[in-house]
Structures are given as structure tokens and as C-alpha cells.
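1. give me the fold of what follows.
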Amino acid sequence: MKKLIIVLMTLSFTTFYSCDVDKTQDGELPTVDVDIDADAGELPKFDVDWMNVNVGTTTKTVTVPTVEIVMEEKEVEVPFINAQWPSEFDDVQEQTVMVEAEVTGNEHKIDIREIYAKGDKLIVISKLEKTDKDIGDKAMRVNDQVVINAPDLTVKHYIIGERPARGFNNSYTYVANKNKIEDKLKGAHKIFG
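-> The predicted structure follows:
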């Protein structure tokens, strides 16, 4: 009987070995008569406090998949504007004017419609239109470009259409229609469109 109690107590202590145990009452082993008559004993009582667990975040370096977009060069026809600038502009050179938008949901197309020169600025007016072709939750970039002989001027882009909800599109000014920028075009010279 004593061996059984010792085994039970050993198992109890082994089970609770990973926690904080505070003894709250002394125990007493049963008394045993030789004729195997035993008085009921009393096992010790314990309060068990399990470990405290705090959940938070930590920074680790892990390997994650990435998507790589490979750009390749192709020969395509792009509009070329050979503008004759006044003699005060002596640094005229060939340059590419490009507009770009990042879209989701449906494919879009973007076209440079008009270019104006005003003072030290080129004003580029483009139009962004949604097509019926669904692209799901993917993002895609659409662009258009023209090559122009022009001095090194500040280029200001206005895109007619709804601004797509992507951070990339914040570098351009979106307007509902051309009437919204008519005052910006007063005194400007149209050189394309």
C-alpha cells in the first residue's frame, strides 16, 4: 500500500513539474495495521498556478515568396512630335513623355490625348478608360507615351477619368473632364492632339 501511495505521489509531482506549486495544507499518510486494516489518510492539498502566457509580436527574418515583373524592350510605333520652338529655347532635345496608371478589377486603357506648352511647362492631358475585361484581384499597369522634341520643361499631367484606388496613382492629377482644367490651358499653345 505504501508503494502504491509513493508511486501515485511521484506521478502527481511529475505531472506538475512544469508549473508553480504552492502547498496549502500538510498531508498525513494512512496508518496501517498488520491485519491490512487501514484508516483513511489525508493527501496534501496544493494550489497550482500555471505559467503566465503573454501574446505579442516579434520581428524575425523569414523567406517569403515574391513576384518579379520582368520588363522587356520591344520595338513599337509611338507618336513623334517634332515641334518648332521659339529661339529662346536653345536646349531642345528628343525626350519621352509617359503617363502610367495602376488598376485593379477591370483592364483599363490610357491614352495621351493632348499636349500643351505654357511658359516653362508641358501640360499633358490623358484619358483613362475602363474596359469590360475582368482581371479579378490582380493589379496591372497601363501606360502610353509620345516622343517629343522639346526643351527641358516641367511636365504636368492631368488624367481624365476616375483615379484608381492604388497609391501608385497619386503622382498624377485626375479630373472628371477637360472643363475642370480649362483655366490652366488659357494662353497655352497646343502642340499635340
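2. what's next to stretch 161-176, contact-wise?
-> Contacts to stretch 161-176, defined as C-beta atoms under 8 Å, 6 or more residues apart in numbering, come from residues 99-104, 108, 127-130, 139, 141, 156-160, 181. Heads up, the C-betas are built off the backbone N, CA and C, glycines and all.
3. how about stretch 177-193?
-> 79, 81, 83, 112-118, 123, 125, 146, 148, 156, 158, 160, 175.
4. just give me how far it sits from the chain centre.
-> Distance, stretch centre to chain centre, for stretch 177-193: 36 Å (C-alpha atoms, centre = their mean, to the nearest Å).
5. what kind of secondary structure is residue 162 in?
-> Look at residue 162: counting by DSSP: H, G, I helix; E, B strand; the rest coil, its state is coil.
6. from the contact counts, what lies against the top strand by length along the chain?
-> The longest strand of the chain (DSSP state E) is strand 121-150. Packing partners of strand 121-150 (3 or more C-beta pairs under 8 Å, 6 or more residues apart in numbering; DSSP states H and E): strand 80-81, strand 93-118, strand 154-160, strand 189-192.
7. just want the angle from that strand to strand 154-160.
-> 110 degrees (axes from the mean of the first three to the mean of the last three C-alpha atoms, to 10 degrees).
8. what about residue 101, how many residues nearby?
-> Other residues within reach of residue 101, judged by other C-beta atoms under 10 Å, total 23.
9. and the nearest residue to residue 123 once chain neighbours are set aside, bridged to which residues?
-> Distances taken as C-beta to C-beta, 6 or more residues apart in numbering place residue 116 nearest to residue 123, at 4.2 Å, with adjacent residues excluded. Judged by DSSP bridges, the bridge partners of residue 116 are residue 123, residue 190.
10. residue 116 contacts residue 122, doesn't it?
-> Yes - Residue 116 is in contact with residue 122 according to C-beta atoms under 8 Å; the separation is 7.2 Å.
11. domain parsing for this structure?
-> The record's domain parsing of the chain by automatic domain parsing lists 2-49, 81-192.
12. so what's the model's average confidence on the first one?
-> In this model, domain 2-49 has a mean pLDDT of 64.
13. so, low pLDDT: which residues of this protein?
-> 1-22, 31-39, 46-58, 60, 62-71 (pLDDT under 70).
14. and the gap between residue 169 and residue 94?
-> Applying C-beta to C-beta, to the nearest Å, the value for residue 169 to residue 94 is 28 Å.
15. more crowded one of the two?
-> The neighbour comparison of residue 169 against residue 94 (other C-beta under 10 Å) goes to residue 169, with 16 against 11.
16. so what's residue 116 up against?
-> Per C-beta under 8 Å, 6+ apart, neighbours of residue 116: 122-123, 125, 185, 188-191.
17. return the most buried member of the domains of the chain.
-> Of all those, domain 81-192 carries the top mean neighbour count, a mean of 15, counting by mean count of other C-beta atoms under 10 Å.
18. and it, how far apart are its ends?
-> 7 Å (C-alpha to C-alpha, to the nearest Å).
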